[in-house]
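A.B. asks: I need the structure of the sequence given here:
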Amino acid sequence: MRGIGRGARWLVLRPWHRLSDDEKEQLRRLFQLSNGKLARAYQTVEQLREALKAPDELALADALWPVLQRTARRSNVPMRKLHDSLVAHMDGIIALAQHRPPTGRIEALNNNWETLVRRGRGYRDHQYLLRKLRFITANPVRCRDGILRFLALGITPPTAEAA
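C.D. replies: Okay, the predicted model is just below:
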């Protein structure tokens, strides 16, 4: 069991359609030797991957329903957590199907936020931090004009007396 399972974590994390025939056979052997929980979890994740490829929100909701049924009746904790997370974030998942935002923009916004928060450690005025965040996500400062637009807002940094 150890010889087959050792180093197979990356294999379990990859989608089925991206595996070679040898890798699929190795994964099948691993599932046969495990107690079945791993195979069911892999099938659930694959079903969820396919559901997220749905073209619109109705198709996504229809595709998510079997995943929710499958995870609802599980007694193991990770499957229950997946079910609870899917139910809690259902509105956001459906919105993803409606709008299909480009992931590059989302990553850029996350990076801007993390950079701003990292630079903003020690701010005593959270409103100033939030105003800077709102500005930087809507109007990124990449050139001299961006700096002038930011200064034109009249946002003044907090002073020690204000705290």
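A.B. asks: okay, now the domains of the protein?
C.D. replies: The chain is divided into the following domains under automatic domain parsing: 54-100, 103-152.
A.B. asks: select, out of the ones you listed, the one closest to residue 10.
C.D. replies: Closest of the domains of the chain to residue 10 is domain 54-100, at 18.6 Å (criterion: Cβ to Cβ). For the C-beta atoms, the positions are set from N, CA and C on the backbone; glycine is no exception.
A.B. asks: burial of residue 51, as a residue count?
C.D. replies: Applying other Cβ atoms under 10 Å, we find 21 residues neighbouring residue 51.
A.B. asks: how about the domains of the chain in JSON lines, adding distance to residue 17, mean neighbour count and mean pLDDT?
C.D. replies: Putting the domains of the chain into JSON lines (distance: least, Cβ to Cβ, whole Å; neighbours: other Cβ atoms under 10 Å; pLDDT from 0 to 100) gives the following:
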{"stretch": "domain 54-100", "distance to residue 17": "16", "mean neighbour count": "14", "mean pLDDT": "88"}
{"stretch": "domain 103-152", "distance to residue 17": "20", "mean neighbour count": "12", "mean pLDDT": "72"}
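A.B. asks: in JSON lines: the ones you listed, plus distance to residue 12.
C.D. replies: As requested, the domains of the chain are exported to JSON lines (distance: least, Cβ to Cβ, whole Å):
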{"stretch": "domain 54-100", "distance to residue 12": "13"}
{"stretch": "domain 103-152", "distance to residue 12": "23"}
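A.B. asks: out of these, which comes closest to residue 31?
C.D. replies: domain 54-100 (15.8 Å).
A.B. asks: what is the end-to-end distance of the closest one?
C.D. replies: Domain 54-100 has an end-to-end distance of 11 Å (Cα to Cα, to the nearest Å).
A.B. asks: residue 39: what's its closest spatial neighbour, skipping adjacent residues?
C.D. replies: Of all residues not flanking residue 39 in the chain, residue 31 sits nearest, at 3.9 Å (Cβ to Cβ, 6 or more residues apart in numbering).
A.B. asks: pLDDT wise, what is the one you found at?
C.D. replies: In this model, residue 31 is scored at 85, pLDDT.
A.B. asks: buried residues in the helix or strand encompassing residue 26?
C.D. replies: Secondary structure from DSSP states H and E places residue 26 in helix 21-33. Going by neighbour count (16 or more other Cβ atoms under 10 Å), the buried part of helix 21-33 is 26, 27, 30, 31.
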